[in-house]
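Participant: predicted structure and sequence below. I'll ask about it afterward.
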Amino acid sequence: MKIALALSLLLLAGCATAPPPPPRVNLDAEIIARGDEFLRRWAAKDVDGIVAMFTDDAQLTPPESQTITGRAAIRKQFAATIAMNTQNRVTRESIRMNGDQATERGRYEIRLGAFAFRGAYTIDWRRVDSVWMIAKYVAE
């Protein structure tokens, strides 16, 4: 009798349902959304909005140029680029997540009138206070 009661309790315990796991957040989608926001701000010529997406100590390496560091230098670079009435198009190829950091790789095309500049890019994203920010942007 004791054995039957113990088995019944074990079976009942095994039948109890565990609480559902928390919803899984699609971090790739968060990075894609932030990247799309960057492109919308570029199209709107919103230099301040673009710069606000970078961390305070961010680095930017434009094609065939030296790396610049910090928001003030990045603002100057984007102001000059966007003032030339450029259009920017990207194709994301991969996003690799690692905790509060992510690396996005892809290809870009910047159009300036009849001229087009094409190359590869890498963006290192860092989550700061739950917001994905650009820590490093390299365009080759």
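Facilitator: Thanks, I have the structure now. Residues are numbered from 1 along each chain as shown.
Participant: longest helix anywhere in the chain?
Facilitator: helix 27-43 (DSSP state H).
Participant: residue contacts, the residue nearest the centre of the chain?
Facilitator: Taking CA atoms, centre = their mean as the criterion, Ile31 is the residue nearest the geometric centre of the chain, at 3.3 Å. Taking CB atoms under 8 Å, 6 or more residues apart in numbering as the criterion, Ile31 is in contact with 95, 97, 102, 104, 125, 132. In short, each C-beta sits where N, CA and C put it, glycine included.
Participant: quick one on the thing from earlier: buried residues in the longest helix of the chain, which are they?
Facilitator: Under the neighbour-count criterion of 16 or more other CB atoms under 10 Å, helix 27-43 has 27, 30-31, 34-35, 38, 41-42 buried.
Participant: could you do stretch 89-99 as well?
Facilitator: Of the residues in stretch 89-99, those buried by neighbour count under the rule 16+ other CB under 10 Å are 90, 92, 95.
Participant: ok, then the element right after whichever helix or strand the last one is part of?
Facilitator: Right, Ile95. Per DSSP states H and E, Ile95 falls inside strand 87-98. Per DSSP H and E, the first helix or strand lying C-terminal to strand 87-98 is strand 101-112.
Participant: which neighbouring elements make contact with the strand ranked longest in the chain?
Facilitator: For the chain, the strand reaching the highest residue count under DSSP state E is reported as strand 115-128. Using 3 or more CB pairs under 8 Å, 6 or more residues apart in numbering; DSSP states H and E, the elements in contact with strand 115-128 are helix 27-43, strand 101-112, strand 131-139.
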